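**Student:** no sequence for this one, just the structure:
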């Protein structure tokens, strides 16, 4: 496979993962609320164990959701060699170097 014929494009936007982040934050706040409820009990170690357990169990699902969403938004776009050589042979526009304002 000649990789010069293809261009990799990532179309992922923040809106694609926004729902996943909101759901994970809801899970996190519910676990913290459960921890605060258990903190008043006679054994506060259960509160820390609850938060730790929920975080450890939810992070792999969050990672899986992020990675699969990212992979679903990676595209291989075919590039027409005639258009690509015409674009590369076009004269470069002269640019001025950046200057400090003031």
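**Tutor:** That came through, no problem. Small disclaimer: the values here were computed from a predicted structure and weren't measured.
**Student:** Do you have the strands of the chain handy? List them.
**Tutor:** Taking DSSP state E to define them, one finds strands in the chain at 6-10, 74-78.
**Student:** Could you check those and tell me which one is nearest residue 33?
**Tutor:** Evaluated over those, closeness to residue 33 peaks at strand 6-10, with 36.5 Å, by CB to CB. (Each C-beta comes from the backbone N, C-alpha and C, glycine too.)
**Student:** Direction included, what does that closest one pair against?
**Tutor:** Using DSSP bridges, strand 6-10 pairs in its sheet with strand 74-78 (antiparallel).
**Student:** quick one: average confidence on the partner strand?
**Tutor:** Per-residue pLDDT over strand 74-78 has a mean of 87.
**Student:** Going forward, the N-terminal residue is numbered 666.
**Tutor:** In the new count, where the first residue is 666, that last one comes out as strand 739-743.
**Student:** tell me which residues in that strand are buried?
**Tutor:** Within strand 739-743, no residue is scored as buried using 16 or more other CB atoms under 10 Å.
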